[in-house]
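In: please find the sequence and the predicted model below.
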Amino acid sequence: MSEVEALRERVSFLEDQLRAAHRGRGLFYAAMFEELARRFGEAEAEAIMKAAIRRRGAEVGRRFAVFAPDDLEGLCRAFLDFVPDRGRLFEPEVRRCDRDELVIHMHRCPLKEAWLEAGLPEERVATLCRIAGHVDDGTFEAAGFRFAGTTWRPGQEGCCTLVIRPGPPASAG
């Protein structure tokens, strides 16, 4: 086996491992939701998970704060560089990037794919997408931007759409 073939085999292995890790994360979210719902009801389970995931997003968002409140082009470049596997897992498409708005549509989502492959009903998948999407709320709001994304619903192409707008100006103080 040549060095190039060995390298390609290693890259393929790592890509498979990354997909498996995201699949596992998705299945963990589903199991956690089911257990919390069993104990506390679906509304409370959703609220708990959204809060935890949003908090994790806020931790991630700190890396993007250098672009706040209004460098959407810089944010776009940095965010796309941050998306795992150079975007292959999510297939992001920048639909708009100007001084007023950044819109990124994700054509795929390994979490959504894992839930559908596991046979979860589409309505449950939509709930889990809504929950998981709170990572983006936390990320972009903590970074200092306004965020108004949407998550997947049955019959919709792709997955979530991120809509980011300039944040409030930093207060003088």
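Out: Here it is on my side, so go on. No experiment lies behind these values; they were computed from the predicted model shown. Residues are numbered from 1 along each chain as shown.

In: could you report the distance from the closest residue to residue 97 other than its chain neighbours to residue 130?
Out: Closest residue to residue 97 apart from its sequence neighbours, by C-beta to C-beta, 6 or more residues apart in numbering: residue 76 at 4.9 Å. Every residue, glycine included, has its C-beta placed from N, CA and C. Going from residue 76 to residue 130 by C-beta to C-beta, to the nearest Å gives 24 Å.

In: so these two - more neighbours on which side?
Out: residue 76 (20 against 17; other C-beta atoms under 10 Å).

In: quick one, what contacts that one?
Out: Residues near residue 76 by C-beta atoms under 8 Å, 6 or more residues apart in numbering: 94, 97, 102, 104.

In: cutoff 7 Å now
Out: 94, 97, 102 (C-beta atoms under 7 Å, 6 or more residues apart in numbering).

In: which among those residues count as buried?
Out: For the contacts of residue 76, a burial check counting by 16 or more other C-beta atoms under 10 Å picks out 97, 102.

In: so which of the contacts of residue 76 comes closest to residue 33?
Out: Set against residue 33, the nearest of these by C-beta to C-beta is residue 102 (29.6 Å).

In: how about the closest one, what does it touch?
Out: Per C-beta under 7 Å, 6+ apart, neighbours of residue 102: 72, 75, 76, 96, 164.

In: nearest residue to the fourth one in space, please, no chain neighbours.
Out: Read that as residue 96. Per C-beta to C-beta, 6+ apart, closest to residue 96 is residue 103, 4.2 Å.

In: so where does the one you found fall, helix or strand?
Out: Assigned by DSSP states H and E, residue 103 belongs to strand 102-106.

In: what helices or strands is whichever helix or strand comes after that strand leaning on?
Out: Per DSSP H and E, strand 102-106 leads on to helix 110-117 as the next helix or strand towards the C-terminus. Packing partners of helix 110-117 (3 or more C-beta pairs under 7 Å, 6 or more residues apart in numbering; DSSP states H and E): helix 3-40, helix 122-132.

In: list the buried residues in the last one.
Out: Which is helix 122-132. 124, 125, 126, 127, 128, 129, 130, 131, 132.
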